[in-house]
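J.: requesting a structural model of the entry that follows:
(chains A, B, C, D, E, F and G)
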Amino acid sequence: MQPLQQQNAGYDRAITVFSPDGRLFQVEYAREAVKRGTTSLGLKSKDGVVLIVDKRTVSRLVEAKSIEKIFQIDNHIGVATSGLVADARALVERARIESQINKITYNEPILVGGLAKKICDMKQMYTQNGGVRPFGSALIIGGVNGGDAKLFETDPSGALIEYKATAIGSGVQAAMDVFEERYEDDLSLEDAINLGLDALYEATEGKTTSQSVEIAVIEIDTQTYKKLSGDEVSKYVEALLERNAEEEEEEYDDEEDVEENSDSEEELDENDSEESSEE
Amino acid sequence: MQPLQQQNAGYDRAITVFSPDGRLFQVEYAREAVKRGTTSLGLKSKDGVVLIVDKRTVSRLVEAKSIEKIFQIDNHIGVATSGLVADARALVERARIESQINKITYNEPILVGGLAKKICDMKQMYTQNGGVRPFGSALIIGGVNGGDAKLFETDPSGALIEYKATAIGSGVQAAMDVFEERYEDDLSLEDAINLGLDALYEATEGKTTSQSVEIAVIEIDTQTYKKLSGDEVSKYVEALLERNAEEEEEEYDDEEDVEENSDSEEELDENDSEESSEE
Amino acid sequence: MQPLQQQNAGYDRAITVFSPDGRLFQVEYAREAVKRGTTSLGLKSKDGVVLIVDKRTVSRLVEAKSIEKIFQIDNHIGVATSGLVADARALVERARIESQINKITYNEPILVGGLAKKICDMKQMYTQNGGVRPFGSALIIGGVNGGDAKLFETDPSGALIEYKATAIGSGVQAAMDVFEERYEDDLSLEDAINLGLDALYEATEGKTTSQSVEIAVIEIDTQTYKKLSGDEVSKYVEALLERNAEEEEEEYDDEEDVEENSDSEEELDENDSEESSEE
Amino acid sequence: MQPLQQQNAGYDRAITVFSPDGRLFQVEYAREAVKRGTTSLGLKSKDGVVLIVDKRTVSRLVEAKSIEKIFQIDNHIGVATSGLVADARALVERARIESQINKITYNEPILVGGLAKKICDMKQMYTQNGGVRPFGSALIIGGVNGGDAKLFETDPSGALIEYKATAIGSGVQAAMDVFEERYEDDLSLEDAINLGLDALYEATEGKTTSQSVEIAVIEIDTQTYKKLSGDEVSKYVEALLERNAEEEEEEYDDEEDVEENSDSEEELDENDSEESSEE
Amino acid sequence: MQPLQQQNAGYDRAITVFSPDGRLFQVEYAREAVKRGTTSLGLKSKDGVVLIVDKRTVSRLVEAKSIEKIFQIDNHIGVATSGLVADARALVERARIESQINKITYNEPILVGGLAKKICDMKQMYTQNGGVRPFGSALIIGGVNGGDAKLFETDPSGALIEYKATAIGSGVQAAMDVFEERYEDDLSLEDAINLGLDALYEATEGKTTSQSVEIAVIEIDTQTYKKLSGDEVSKYVEALLERNAEEEEEEYDDEEDVEENSDSEEELDENDSEESSEE
Amino acid sequence: MQPLQQQNAGYDRAITVFSPDGRLFQVEYAREAVKRGTTSLGLKSKDGVVLIVDKRTVSRLVEAKSIEKIFQIDNHIGVATSGLVADARALVERARIESQINKITYNEPILVGGLAKKICDMKQMYTQNGGVRPFGSALIIGGVNGGDAKLFETDPSGALIEYKATAIGSGVQAAMDVFEERYEDDLSLEDAINLGLDALYEATEGKTTSQSVEIAVIEIDTQTYKKLSGDEVSKYVEALLERNAEEEEEEYDDEEDVEENSDSEEELDENDSEESSEE
Amino acid sequence: MQPLQQQNAGYDRAITVFSPDGRLFQVEYAREAVKRGTTSLGLKSKDGVVLIVDKRTVSRLVEAKSIEKIFQIDNHIGVATSGLVADARALVERARIESQINKITYNEPILVGGLAKKICDMKQMYTQNGGVRPFGSALIIGGVNGGDAKLFETDPSGALIEYKATAIGSGVQAAMDVFEERYEDDLSLEDAINLGLDALYEATEGKTTSQSVEIAVIEIDTQTYKKLSGDEVSKYVEALLERNAEEEEEEYDDEEDVEENSDSEEELDENDSEESSEE
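T.: Numbering: from 1, shown residues only, chains lettered A, B, ... in the order given. This is a model prediction of the structure:
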């Protein structure tokens, strides 16, 4: 990160302008805001789309259900977010409005890709016009159109890519490594959830519990967004923890990581103070 | 706090823009304004929501009732604030208008969470558009919808979290420590008030008197915001002081804190001169 | 004041933005403009509100009556100002308009507190929006509603506090010391005027004459703003000077303050050149 | 003037903002523009108001009558200006419009004080809003309302003071010294003109001629603005020169000021090149 | 690139302004953004226009079909893009709207050149007005009007040139070298596709596969935009790879480039992380 | 000029603001633009007004008649300009419109002084509002009202002075010296033209030819603007050259100025390259 | 060029403002953009106006006809441009609209000089208002009104000069030297074309071919803009090359310029990369 800081003296203070090598620093810094967020991910299965987010809270005083990182946009579309929570909420509001406008205008549900493009158009404008800053949030947009599962990711630049499986936030690299290695096209919904949880487990360095995970699915059959109940989530997470307990046991003989553990606890405390503005 | 000052040369002068590591300094500085304010706190009990604020005045010439840190927004919603008082009042005005608009439009009281989101939307806009600065105030929004007590906290970024018990202002750490240790879900309203006062006592380093405290409750039964009378407050505070007198007696043999006492008096004088703009 | 100057390099040049420790320098500098103004003060008595201002002129060529530091806003409300006179006049204009609007809309006189809030709302906006600077004036707003005397003070931040007795301008500390020591709740109007003049005498280091003082009262009985006539003022000031002559005689044996006297004359000359823009 | 230049690095470049000690540098600099202007003055007499200006021209090619420093605003109001001539003319235009608006709206002549406030309101706005600079002109506004002579002075801050006798421009100190010493309340109109010319004579270091002076009076009897004819002016100026010739003769034995004389001639040449933009 | 960075201190921070030697740095930096993009190219043949783009993805998890670098604008017009993908999409949206407006207004398809000019007008405005940055995208606009194939290229300045064959993006030099050497006016459509693929092969340093290539044609006969199917593309790419395999074999004896290979793999990884914002 | 450059670091970059000594640098710099222009002059005679301009062209390829430095504004008003030609033309356009508006509104020709004030109002606004720069042109406005010849000069500040004879542009000092010495009030039109040409001859260091001079007169009798024909101009210039040839002969014995001559030729070449933007 | 760069630190970054010596740097830099463009020229003959441009392309892949440097504005008016091509096109668009507006409003063709002034008005506005930059293009505007040929040149300042023969762009000096030496007023159209080509030949250092030249004429007889066909151009260029071949032969014995040749080829390559934005 340091070479980046030295290279850009002056190009990042004013409105979003190009640097001599053709980069938009304000957009790249906004991406850093996303990288500081919690991990969110999405996968396509042959039965529909799965969205999973990490919503660990650092305090038992927080009402966990108020930490919104998965949002329903329309009957058939959901969104998982990472980055600045207030920016994400502003984009979600916009997405819901666009969705309703489409329904009223054309009398049919908005295409998942069409909605994703609308959000990206809005994001792009905030990178080209003066007097505003880019949005500091990335979105994973999942949904079902006709018989097809759709899964898009947008970043602060307003770029749009469709993925089979993707992740955003601080654990992006760990999660993508899991997907690259193990994702297959013909996963069942259940397999997809399990694979997603495995990826989240890696991304959070094992700090995954029934309370810290939220899962939503949009099945092709029902074409309907559904958040899994606490019990359903618990079942999947217990299985996850069992899988990893076995694994860890196997690894246990190899290394001692007591010190590392206390480190990560410290890290948890640090995140604590910033929890309110980044997911 | 010092490393923060060195890291950010230049990113904090213009409109709200991202720093290379994805932070919005103007928003973080606005949070500092909140941390300089007096302590306000809120708790949910099984009977309703409790809001408590510290409104110590440094001069007997101030009409204590004019130090507004708790505001009624609607029949069933109240707000406790900390930070810049003028900013808080502007947000409270907005909240009252949104509440009335909802009543007129839908002919029913606004949801506590819905109102909280409206306030956060306004706050977020002030962090993304040029030509304005973020609001330097945090709000604890408490209320009752149907049979449920609700308690939200917003910060200058426009982030929104629901809490069981929370605090804002200069005594946030001390108060939250009390809550983390002793808060329970099934508190009666009276227990909640007592716990809140204990937290405030810690947050203000013991400078809590009948005159310096204001308490409001929104009970689930009545669904109505009610400020406790001076007598009611006195009763609770006397009990608080008795509790702590006993405790202190026990501690008395251990340490001599005469010098510390004179320090905190000095501090009171300092706060005095800034009392008019920060709560 | 010097540590303040060193701490803030850069945060005070642009529009009103937060410094790293959460302060709004432009607002604090505007308060300095108030501190450079002449002393104005207000007191509540059991019979009504008293406003007293120092309008010493440095030249006999000035028409003393044109130095407006007390303004009538409505039948039942008056205002005493300090700081930039042009800014004060702009706020007074606004206050008069708000008062008329209220009368026309609701067919009854505006509440003193309601008017004070309107002024503060305007002041707050000038601290948050770009392209303008905060108002460099503080106001003491006094009036009577129903049977109650009301006395508010606003500063450039838009903060609002109700006082029993308060002062603004360069002599604020000296005047408040007098009030803290001697103010009582059940003062008669006459006692209040005498106490106010004693405070002004201290605040102006004894430079109080019949010509340099202006007094307005809003009595609870009449609910009407009334400026005291020159004769009435003279009577009070003569009594004041007698009181102090006696006192000084007593002190005379203790110390020689010839040198100090010549200093304060010099100071008068300095103020002279800036008299036209700050009260 | 030099300490002022060192103290203010940075606070004077952008829009009008406060310096750490509560000053508005752009306003103070605008006052400097007034101090660079020629001397204008006004006096009240028991018969009416007198306005006198110095309109020396450095070239015989200038049509002296085109050097406007006294302007009629309404039947009963005149204005003497100093500072940037183009700014003064813009204010005079505004004043004339306000005067006509008042006549049409209320069917009676505008109050002199009311007009002065309108001009000051406009000036104040130009010190608080971004994107404009303050007016670089001071005005002496004289007129008659009912049986009363009125004489106001405004400076670039928008402050307003009523005077018995006042002066603006480069000779302000010398002129005010004369007024402080010799002004009396019951001057006849003729006495007032003579005193004013004496003050102008000092302010211009003796460079007063029949051609360089313009005098306007608004008498209480007629309530009408009247510019003195060349002959009338000559009569007064000749008397002035005689008075001073006598005086100088008396002083002649005491000192030799040949060197000083050549200095002031040089100064005249300097002013020459800037004559077109400052009065 | 370095001399460019040293030469321009200060001219690139504000809005788009001229440097002393008459250059617009923001426009030149936007061109750098294009040079960082993937390679896109277009050729005219005697039968119509061919557009070919490189849409290699760095991850098997990306839905390759979502990487849009060729867009249909109208029945008879297509566009190949390079540079910032969000900017490109904004221009494509605009192009589609202009095309529909023309159809509705004149009841006939828009001229390819007319559309290209509309896009360039928009781009030019973004280089001359303050508060916006130039578009960071270049477009190759191909289409058919009457019996003529048309092929335009626009860059961030809003300049417009018609080409027989052209390329944009990081491989522009390599591709243009191929065209300069081998392009002929009377190419058949098939020959044009083959030549285009040869150019892309050079531009991507041999990293061309059936999956990484997208081809669109607008034939003069049909006047209709058509994207080649996966099978059609495969056929052409297989032939390409065969051609090059033979060539490489011939070259194989001459040099060993193992090391170079590992380099280019590394480069692929680098591009990976930026894939989402640049094509 | 150098002390000016050192004194003003920083006050000249932004919008037009005051410097600590009360100057408006952007206005002073705009005056420099006028001083870089060619010489224009105007004189009043007892028969009317004379305007004379130097329109030397550096190339025989220029159509001399297209170098407009004298413009007719209305039947009875003409204008001679110096400074930035494009700014002058914008002001001339405005003047013509104001003139027409007056004619339509009041059904009589505009007063020369009234028109001059309108132009100055426009100029003043461009020195006080942000986002624009002052006009870089001075105008000599000549005309006839009733039986009176009128001659005004405006500079970039918007100041307005009436002259008997005046000059603007690079030769202003030389021309004014001639006028100061030799101008008389009762000149005939012919005498005025001859005196004007003598002044221009000095101002241009003798580089005056029949082709380089343009003369316009507005006679009191006809009240009509008239440009002198080429023949008329030639007659006057020939006389001028004869007068100076005689003079020079007389001077010839005294000094040798060969070297100086070659200098001034060089200067002509320099002006050449800037001819297009400054008159 | 270097002394210019050192002289102007700071005056060129913001909006177009005056430098201490009265120059507008942004305008001067825009002129540099014109000087970097290709050479365009225009001549008046007794039969009409001739416009000639250099449209050499650096690649055989460019459709030469798309390099527009001569534009028809109206039936009787054409324009030759140099500088930023996108800016030129924006001005041409405007010119065409003004021309149509005139036709519709007055039912007769616009005067060539009238159109030229409209363009210059637009250019001037872009040098005086903030938030925009000046146009980086010069135009030669040729046309016929009644029986007269007209030829104007505008530069980025908005200045306007009528020429008998003129040139813009990088070869301006060489071309003007040819015109100064050889232009005569009574040239036939054919002679004018030949002289123009001779000038272009010098301006391009001999790099003139049939393909690189475009010629348009507006004859007085027809009053109609006509572009010469390829054959017509070829005939003139062949004659040009013959003329120069003879000349060169004569010169051949005198000097060897092989080295110079290779230099100019290099220069061609350099221009190549910038061809797309400057003509």
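
J.: tell me which stretches of the stretch 51-200 of chain A form helices.
T.: Secondary structure of the stretch 51-200 of chain A by DSSP state H, counting those that start in this stretch: the helices cover A:85-106, A:112-128, A:172-182, A:189-203.

J.: and of the ones you listed, who's closest to chain E?
T.: Taking C-beta to the nearest C-beta as the measure, those were each checked against chain E, and helix A:112-128 came out nearest at 3.9 Å. Heads up, the C-betas are built off the backbone N, CA and C, glycines and all.

J.: give the buried residues for the longest strand along chain A.
T.: If each strand of chain A is counted by residues according to DSSP state E, the longest one is strand A:137-145. Counting neighbours by 16 or more other C-beta atoms under 10 Å in any protein chain shown, one finds that the buried residues in strand A:137-145 are A:Ser137, A:Ala138, A:Leu139, A:Ile140, A:Ile141, A:Gly142, A:Gly143, A:Val144, A:Asn145.

J.: residues contacting the second one?
T.: With C-beta atoms under 8 Å, 6 or more residues apart in numbering or on different chains as the criterion, the residues that contact A:Ala138 are A:Arg31, A:Val34, A:Gly37, A:Thr81, A:Ser82, A:Gly83, A:Glu153, A:Thr154, A:Asp155, A:Pro156, A:Ile168, A:Gly169.

J.: one more pass at 10 Å, please.
T.: By C-beta atoms under 10 Å, 6 or more residues apart in numbering or on different chains, the contact list for A:Ala138 reads A:30-31, A:33-35, A:37, A:40, A:80-83, A:87-88, A:91, A:123, A:153-156, A:166-169, A:172, E:276.

J.: who's in contact with stretch A:177-186?
T.: Contacts made with stretch A:177-186 from outside it, assessed by C-beta under 10 Å, 6+ apart, are listed as A:41, A:43-46, A:163-167, A:176, A:191-192, A:195-196, A:198-203, E:59-61.

J.: now which of those would you call buried?
T.: Among the contacts of stretch A:177-186, those that count as buried by neighbour count (16+ other C-beta under 10 Å) are A:41, A:43-45, A:163-167, A:176, A:191-192, A:195-196, A:198-203, E:59, E:61.

J.: quick one: the nearest residue to A:Thr209 once chain neighbours are set aside from chain D, how far?
T.: By the measure of C-beta to C-beta, 6 or more residues apart in numbering or on different chains, the closest residue to A:Thr209 outside its immediate chain neighbours is A:Val237, 6.6 Å from it. A:Val237 sits at a distance of 56 Å from chain D (criterion: C-beta to the nearest C-beta, to the nearest Å).

J.: the strands in chain A, which residues?
T.: For chain A, applying DSSP E gives strands covering A:40-45, A:48-54, A:70-74, A:77-83, A:137-145, A:148-154, A:160-162, A:165-168, A:213-219, A:225-227.

J.: buried set for the last one?
T.: Read that as strand A:225-227. By 16+ other C-beta under 10 Å, the buried positions in strand A:225-227 come out as A:Tyr225.

J.: and that strand, what does it pack onto?
T.: strand A:48-54, strand A:70-74, strand A:77-83, strand A:137-145, strand A:213-219 (3 or more C-beta pairs under 10 Å, 6 or more residues apart in numbering or on different chains; DSSP states H and E).

J.: how about CSV for those, with mean pLDDT added?
T.: Listed next are the helices and strands packed on strand A:225-227 as CSV, based on pLDDT from 0 to 100:
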stretch, mean pLDDT
strand A:48-54, 97
strand A:70-74, 97
strand A:77-83, 97
strand A:137-145, 97
strand A:213-219, 97
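
J.: how about low-confidence regions in chain A?
T.: By pLDDT under 70, the low-scoring segments of chain A are A:1-16, A:248-279.

J.: how about stretch A:63-74 and chain B, touching?
T.: Yes: when contact is scored as C-beta under 10 Å from any C-beta of the partner chain, part of stretch A:63-74 falls within range of chain B: A:Glu63, A:Ala64, A:Lys65, A:Ser66, A:Ile67, A:Glu68.

J.: mark which of the residues you listed are buried, thanks.
T.: Buried residues within the residues of stretch A:63-74 next to chain B, counting neighbours by 16+ other C-beta under 10 Å: A:Ser66, A:Ile67, A:Glu68.

J.: any figure for the gap between the second one and chain C?
T.: When C-beta to the nearest C-beta is the yardstick, A:Ile67 and chain C sit 26 Å from each other.

J.: spell out which parts of the stretch 101-250 of chain A neighbour chain B.
T.: Contact residues of the stretch 101-250 of chain A with respect to chain B, defined by C-beta under 10 Å from any C-beta, are listed as A:Tyr126, A:Asn129, A:Gly130, A:Gly131, A:Val132, A:Arg133, A:Pro134, A:Phe135, A:Gly136, A:Pro156.

J.: got a ChimeraX select line for the buried ones in those residues?
T.: The command below creates a ChimeraX selection of those among those that count as buried (16+ other C-beta under 10 Å):
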select /A:126,130,132,133,134,135,136,156
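
J.: ok, which of the residues of the stretch 101-250 of chain A next to chain B also contact chain G?
T.: If you filter these for contact with chain G, counting by C-beta under 10 Å from any C-beta, you are left with A:Gly130.

J.: just put the residues of the stretch 101-250 of chain A next to chain B in CSV and tack on distance to chain D.
T.: Output for these, formatted as CSV (distance: C-beta to the nearest C-beta, whole Å):
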residue, distance to chain D
A:Tyr126, 24
A:Asn129, 20
A:Gly130, 16
A:Gly131, 14
A:Val132, 19
A:Arg133, 21
A:Pro134, 26
A:Phe135, 28
A:Gly136, 28
A:Pro156, 30
